[in-house]
Structures are given as C-alpha cells and as structure tokens.
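**Student:** All I have is the shape, not the residue letters:
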C-alpha cells in the first residue's frame with residue numbers, strides 16, 4: 001500500500017501495477033537505491049537503455065575515490081581532520097549564493113544536502129561500506145588543494161580515499177546485493193528499455209513509457225544500437241530517476257556552459273561514454289520536476305586523448321602532482337594558484353581566457369615517474385585488480401606502465417633531450433607554432449634558480465615543498481624539487497592538455513528524502529507525487545550539493561548517499 005501523504009490524494013490505483021518502484025538507470029545511484037528497496041522487501045523494476053554489460057554505469061570507469069573525514073587511513077598518515085574543517089572547506093568551495101535561506105531558492109536544498117553529506121562522510125559512510133567488504137589504499141591522496149585563503153576553495157588536508165579495486169570495487173557490493181535480490185524475485189532487470197516519457201495521472205507520476213531497443217552485445221562503454229524493436233509502458237506508484245548527467249552530450253554542455261568560465265571551448269574530449277546524454281533530465285522536467293543550477297559543471301583541464309579509445313572522443317585525465325610547469329597555449333606560465341591539482345575550474349577559466357582550448361605541461365622524466373597517475377579503473381590495473389605486488393611497484397623508478405604507454409603512444413606527448421627539440425615538437429602538434437624557445441627558456445631558468453635555496457618567492461616551488469611535508473606525497477606523489485633543465489632529471493616531456501567533459505553539478509531539485517520538487521502548486525517547491533531522483537541526475541542531491549566547485553571524492557559518495565536516501569524513503573512510502 002502507498003502512503004497518500006507522499007504520493008498525493010489525487011492518485012488512484014485502479015490499474016495493475018507492475019512493481020512497487022521503477023528505477024531508471026543502472027549506475028551506482030540506481031544500484032544503491034534498488035539495493036535498499038529490495039532489502040525492505042519491495043518489488044523493483046530496474047530499467048536501462050544500455051545492455052547489461054554497462055551495469056554500474058560511470059562508476060565502473062572511475063578511480064574509486066571517496067571523500068572521508070576523520071578516517072583511520074587519515075589518522076595513520078598523521079592527518080588531522082574534523083567535520084568542522086571539512087564543512088569550512090565545502091562552503092569555501094561551493095559558494096552557495098542562490099537563495100540558501102529561501103525555500104524557493106535553487107540552493108535551498110543543495111545547502112542542506114551538503115550539510116547532510118559532510119555529516120555522512122564524517123560519520124557512517126566508511127563503516128557502512130566497510131561492513132560490505134570495501135577497503136581503501138592506505139595512502140590518502142590530496143585532491144583540489146585550492147591555493148587561496150583558509151576559508152576559500154580546496155581541501156585543507158588530504159581526504160581522497162582510493163578504493164582497493166577502484167570503481168569496480170565500489171560497484172561490486174551493490175551489484176551483488178541487487179543480483180541476489182533478482183535471484184530471489186524482488187528485482188527484475190529491463191535492459192535495452194529507453195524511457196521516453198514519465199506517465200502522470202492526476203498530477204502524480206505513476207510509470208514510464210518508451211522504446212525497447214534491439215539486443216546488443218556492445219562492450220561496456222562502447223556505442224550501442226538505437227534501433228527500436230517495440231514499445232513498452234510500465235507502472236508503479238514510485239519512479240526513481242538515476243540516469244546520470246550530460247557529460248557525454250557536448251551539445252548540452254555547450255548549451256548550459258556558464259559565462260563565468262569564458263566561451264565554451266570549440267574542441268573538447270569526453271571523459272564519459274556517449275550514453276551519458278542527459279535525456280532523462282528534460283523528460284523529468286516535462287513531468288513537473290524542477291531543474292536548477294544547470295550552469296554548474298565540473299570539467300577537467302588535464303585531459304589527454306586516449307590512444308586506445310573505448311568511446312567517441314575518449315579522454316583520460318592526468319592526476320598530476322604539483323611539480324609540472326603549467327603553460328598556456330603561447331607558452332606562458334599560469335599564475336598562482338593554477339598549479340596541477342589545485343583548482344580545476346579556476347584553471348579552466350584561465351585557459352578559456354587565453355582564447356585557446358588547450359594548455360601544456362612541461363616536466364621531466366623524474367617528475368612523470370613520481371607524479372603522474374591516470375584517472376580511471378582501466379588505467380590502474382594494479383589497484384583495480386587488487387594486485388599488491390604491482391601496486392608496490394609504484395614507488396620504484398620508472399613511470400607506471402599505463403603512463404609509459406601514453407608517453408610512447410599518446411598523441412599529446414612530446415619527449416626530447418633538449419629544450420629546443422621539445423619546443424619544436426610542441427609547435428608541430430598545434431595548428432600555430434606559438435611557443436617561443438627563448439621566452440620559455442627564460443621562464444624555466446628563472447624557476448630553476450628558485451630551487452637553489454630552501455626558501456623562495458615562487459609559489460609553486462613553495463607548494464612542492466609543502467606537499468613533501470605530507471608523508472603520503474613524499475612517498476608516492478611528489479618528486480624531490482629539482483631543476484627542470486637538469487640533464488640528470490631528463491629527458492624533457494611536454495603534454496598538450498585538452499578540456500575533458502565530465503560531471504553535471506546541477507539537476508533535479510530534491511528534498512532530503514530524494515523526492516523531486518516542482519513549482520506547479522505554488523511559488524514554493526513541493527514534491528512531485530511519485531517522483532524521486534538520485535545521483536548526478538539530482539546534482540548528487542538537492543539539485544547541486546557541490547555548489548560551484550567540488551572537493552573531489554564526493555561524486556561516487558554522492559551517488560551512494562543520495563541513492564540510499566531515495567531508496568529508503570521510497571521503501572517507506574510504498575510500505576504496507
């Protein structure tokens with residue numbers, strides 16, 4: 001029986017329901033919601049337009065990072081963290097400014113979701129996952145370091161916990177729970193079911209309608225057929241939308257691109273598969289859901305073209321330590337704090353301001369060996385495969401094998417013995433030969449002079465030395481300070497960096513139960529009866545809990561938390 005308070009008194013259940021709940025999207029948020037519903041004994045239909053090979057969605061491809069606060073891993077690394085410090089950092093990054101205290105404001109629920117999420121990250125997140133068998137790499141990474149004042153953007157301390165098993169290791173316990181529920185008859189998968197419409201009766205969402213796509217054996221992440229073989233219509237008193245964001249749809253990315261980040265780049269590469277198309281956001285909007293903060297996005301500036309692509313325009317992000325020189329298209333160093341790993345969107349704005357859609361790293365072999373990692377489960381076979389021996393090899397001389405493969409085969413890499421040869425190679429990679437050898441040499445020599453003393457006025461050199469005060473960075477993330485032009489540190493390396501589309505920070509506005517809000521009943525948003533959302537489709541909760549910027553590690557965690565919230569409340573709403 002369904003709670004009338006949740007679904008609305010105007011809804012009448014005269015027809016036969018196909019399930020208690022329909023979940024649209026088989027990514028991490030959808031699996032988390034479905035697992036909670038099945039645990040509560042609800043009958044669930046889990047729909048996805050892609051074949052079964054894509055179960056787990058984008059989370060499968062991820063590095064598996066989770067933002068945790070006050071964890072045992074932090075304690076063992078000598079990191080002093082607290083909920084108060086984490087909330088200070090979150091507010092300094094989010095910069096909520098759209099009606100935080102106004103129930104009709106776009107940030108009203110986003111702010112409250114952020115509070116709840118930081119409490120979750122500092123509370124039961126780790127113990128909840130640990131009880132399911134999830135474990136973490138012992139060295140906590142320091143992502144998004146900020147580089148501003150204490151109350152500005154960035155993580156004050158390392159908080160990025162890499163899951164042992166990376167993205168697949170996060171997905172596994174939820175997939176296992178859902179598959180067990182399917183074997184017990186509580187969950188039914190409907191792959192190749194593309195939802196084109198949410199059905200509404202008496203103002204309440206009560207089902208989905210769409211097209212059945214032809215069977216596909218397409219490998220995970222690759223393009224699947226859109227040939228229709230039939231139609232379907234399914235009904236349930238609750239529908240949960242967990243369909244992801246718009247990162248694979250560059251037309252939508254450009255449509256919502258914010259002016260504050262400058263003009264949308266003419267050329268971008270994609271960090272997510274093509275099926276991350278944003279269709280369900282508009283479909284839920286037509287059913288009455290309120291879309292907010294659609295101009296808030298999270299794209300990366302350190303993208304490189306994948307030499308072995310899985311999807312169209314497939315790009316990989318370099319997870320760089322702090323030592324590479326970051327240059328604009330004309331070979332000029334970016335000012336502080338636009339250093340590798342400090343402020344993703346700040347650097348994105350600096351790049352677009354140059355009028356070009358690419359930038360450069362210039363570094364040494366010594367730096368690439370210690371500081372380059374690649375985002376993605378498939379680029380980290382040691383962590384993904386839970387191979388202890390292979391993982392320990394990261395601290396030995398030489399770049400990790402996936403990095404070395406890009407250095408040798410990647411279209412964006414130049415390797416040279418001398419700076420003159422490096423500049424020649426850089427200019428050959430671009431439409432215009434913009435790098436001037438004498439000017440680049442002047443900048444590098446000036447920087448190298450700052451290495452001679454333990455003190456310096458170069459803020460990047462300061463940042464390198466500060467990073468090495470943290471044991472985790474000194475062991476596995478930050479090379480010892482050295483001169484770029486020191487032949488013993490060579491050869492020299494340049495990497496052309498592309499804009500890489502990734503995450504949607506806005507979306508369907510939801511309350512803390514995951515119920516989608518709408519404006520049809522008055523000036524203050526109220527729940528759309530029967531409709532929930534979670535994960536990226538909900539801006540990871542509330543229509544944008546990250547605000548303008550992310551601290552990293554909160555995307556997978558946001559999927560888990562919002563999926564759990566929506567699943568638990570939907571279970572309550574459909575209880576007898």
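**Tutor:** Received it, and whenever you're ready, just let me know what you need. Small disclaimer: the values here were computed from a predicted structure and weren't measured.
**Student:** which stretches of the stretch 51-200 of the chain form strands?
**Tutor:** 65-67, 160-162, 187-191, 193-201 (DSSP state E, counting those that start in this stretch).
**Student:** Pull out the buried residues from whatever helix or strand residue 556 lives in.
**Tutor:** In the assignment (DSSP states H and E), residue 556 maps to helix 555-573. Applying a neighbour-count criterion of 16 or more other CB atoms under 10 Å, one finds 555-571, 573 buried in helix 555-573. For glycine as for every other residue, the C-beta is placed from the backbone atoms N, C-alpha and C.
**Student:** counting contacts, what elements does that helix pack onto?
**Tutor:** Using 3 or more CB pairs under 8 Å, 6 or more residues apart in numbering; DSSP states H and E, the elements in contact with helix 555-573 are helix 4-7, helix 28-39, strand 65-67, helix 108-122, helix 124-131, helix 166-183, strand 238-241, strand 526-533.
**Student:** what pLDDT, on average, does stretch 296-316 get?
**Tutor:** Confidence over stretch 296-316 (mean pLDDT, whole number) is 97.
**Student:** distance between it and the chain's centre?
**Tutor:** 12 Å (CA atoms, centre = their mean, to the nearest Å).
**Student:** same thing with stretch 74-82?
**Tutor:** Offset of stretch 74-82 from its chain centre (CA atoms, centre = their mean): 24 Å.
**Student:** Next: stretch 428-440.
**Tutor:** 33 Å.
**Student:** From the opening residue of that stretch to its closing one, how far?
**Tutor:** End-to-end distance for stretch 428-440: 16 Å, by CA to CA, to the nearest Å.
**Student:** Adjacent strands (with direction) for the longest strand belonging to the chain?
**Tutor:** If you go by DSSP state E, the chain has its longest strand at strand 492-504. Its sheet considered, strand 492-504 pairs with strand 269-270 (parallel), strand 297-305 (antiparallel), strand 358-364 (antiparallel), strand 413-416 (antiparallel) by DSSP bridges.
**Student:** quick one: which of those strands is nearest residue 72?
**Tutor:** strand 297-305 (28.5 Å; CB to CB).
**Student:** Next up, the contacts around residue 72.
**Tutor:** Applying CB atoms under 8 Å, 6 or more residues apart in numbering to residue 72 gives the contacts residue 126.
**Student:** For it, report the pLDDT, please.
**Tutor:** Residue 72 is given a pLDDT of 98.
**Student:** Helices of the stretch 401-550 of the chain, start to end?
**Tutor:** For the stretch 401-550 of the chain, applying DSSP state H, counting those that start in this stretch gives helices covering 401-409, 419-428, 437-449, 459-467, 471-476.
**Student:** gap between the residue lying closest to residue 465 once chain neighbours are set aside and residue 348?
**Tutor:** Distances taken as CB to CB, 6 or more residues apart in numbering place residue 481 nearest to residue 465, at 6.4 Å, with adjacent residues excluded. According to CB to CB, to the nearest Å, residue 481 and residue 348 sit 27 Å apart.
**Student:** Also residue 24?
**Tutor:** The value you get for residue 24 to residue 348, if CB to CB is used, is 31 Å.
**Student:** Give me the more crowded residue out of those two.
**Tutor:** residue 24 (27 against 22; other CB atoms under 10 Å).
**Student:** got a list of what that one touches?
**Tutor:** Contacts of residue 24 by CB under 8 Å, 6+ apart are 30, 47-48, 195, 208, 239-243, 280.
**Student:** What residues of stretch 431-438 count as buried?
**Tutor:** Quick answer for stretch 431-438 (16+ other CB under 10 Å): residue 435.
**Student:** end to end, how far does it reach?
**Tutor:** Per CA to CA, stretch 431-438 runs 20 Å from first to last residue.
**Student:** any idea of the mean pLDDT in that stretch?
**Tutor:** Stretch 431-438 comes out at a mean pLDDT of 97.
**Student:** what's next to that stretch, contact-wise?
**Tutor:** By CB under 8 Å, 6+ apart, stretch 431-438 touches 329-331, 360, 419-420, 423, 426-427.
**Student:** Which members of those residues are the farthest-apart pair?
**Tutor:** Pairwise distances across these peak at 19.3 Å for 329 and 420 (criterion: CB to CB).
**Student:** helix, strand or coil for residue 243?
**Tutor:** coil (DSSP: H, G, I helix; E, B strand; the rest coil).
**Student:** Report whether residue 252 is found in a strand, as I expect.
**Tutor:** No - with three-state DSSP as the criterion, residue 252 is helix rather than part of a strand.
**Student:** Hmm, residue 505 is touching residue 292, no?
**Tutor:** No - counting by CB atoms under 8 Å, residue 505 does not reach residue 292; the two are 10.5 Å apart.
**Student:** between these two, what contacts are shared?
**Tutor:** By CB under 8 Å, 6+ apart, the residues touching both residue 505 and residue 292 are 539, 544.
**Student:** Following the chain onward from the helix or strand containing residue 209, which element is next?
**Tutor:** Assessed by DSSP H and E, residue 209 sits inside strand 204-213. Next helix or strand after strand 204-213 toward the C-terminus (DSSP H and E): strand 228-235.
**Student:** Save the strands paired with strand 492-504 as CSV, and put in distance to residue 436 and mean neighbour count too.
**Tutor:** Below are the strands paired with strand 492-504 laid out as CSV (distance: least, CB to CB, whole Å; neighbours: other CB atoms under 10 Å):
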stretch, distance to residue 436, mean neighbour count
strand 269-270, 27, 23
strand 297-305, 23, 23
strand 358-364, 13, 24
strand 413-416, 16, 19
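**Student:** about what we covered before: mean pLDDT for the helices and strands packed on helix 555-573: which is lowest?
**Tutor:** Lowest mean pLDDT of the helices and strands packed on helix 555-573: helix 4-7, a mean of 40.
**Student:** roughly how far is the next helix-or-strand element following that helix from the heart of the chain?
**Tutor:** Downstream of helix 4-7, the next assigned helix or strand under DSSP H and E is strand 21-24. Strand 21-24 sits 23 Å away from the centroid of its parent chain (CA atoms, centre = their mean).
**Student:** Then stretch 192-202?
**Tutor:** Here stretch 192-202 is found 27 Å from its chain centre; the criterion is CA atoms, centre = their mean.
**Student:** That one: which residues count as buried?
**Tutor:** 192-195, 198-201.
**Student:** now do stretch 515-528
**Tutor:** 515-518, 525-528.
**Student:** With stretch 27-41 instead?
**Tutor:** By 16+ other CB under 10 Å, the buried positions in stretch 27-41 come out as 27-38, 40.
**Student:** Can you add distance to residue 70 and give those back as JSON lines?
**Tutor:** Converted to JSON lines, these look like this (distance: CB to CB, whole Å):
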{"residue": "27", "distance to residue 70": "28"}
{"residue": "28", "distance to residue 70": "24"}
{"residue": "29", "distance to residue 70": "25"}
{"residue": "30", "distance to residue 70": "29"}
{"residue": "31", "distance to residue 70": "27"}
{"residue": "32", "distance to residue 70": "23"}
{"residue": "33", "distance to residue 70": "27"}
{"residue": "34", "distance to residue 70": "30"}
{"residue": "35", "distance to residue 70": "26"}
{"residue": "36", "distance to residue 70": "25"}
{"residue": "37", "distance to residue 70": "30"}
{"residue": "38", "distance to residue 70": "31"}
{"residue": "40", "distance to residue 70": "30"}
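**Student:** Of those, just say which sits nearest to residue 446.
**Tutor:** residue 28 (46.4 Å).
**Student:** what's the closest non-adjacent residue to the closest one?
**Tutor:** Spatial nearest neighbour of residue 28, excluding adjacent residues (CB to CB, 6+ apart): residue 59 at 3.8 Å.
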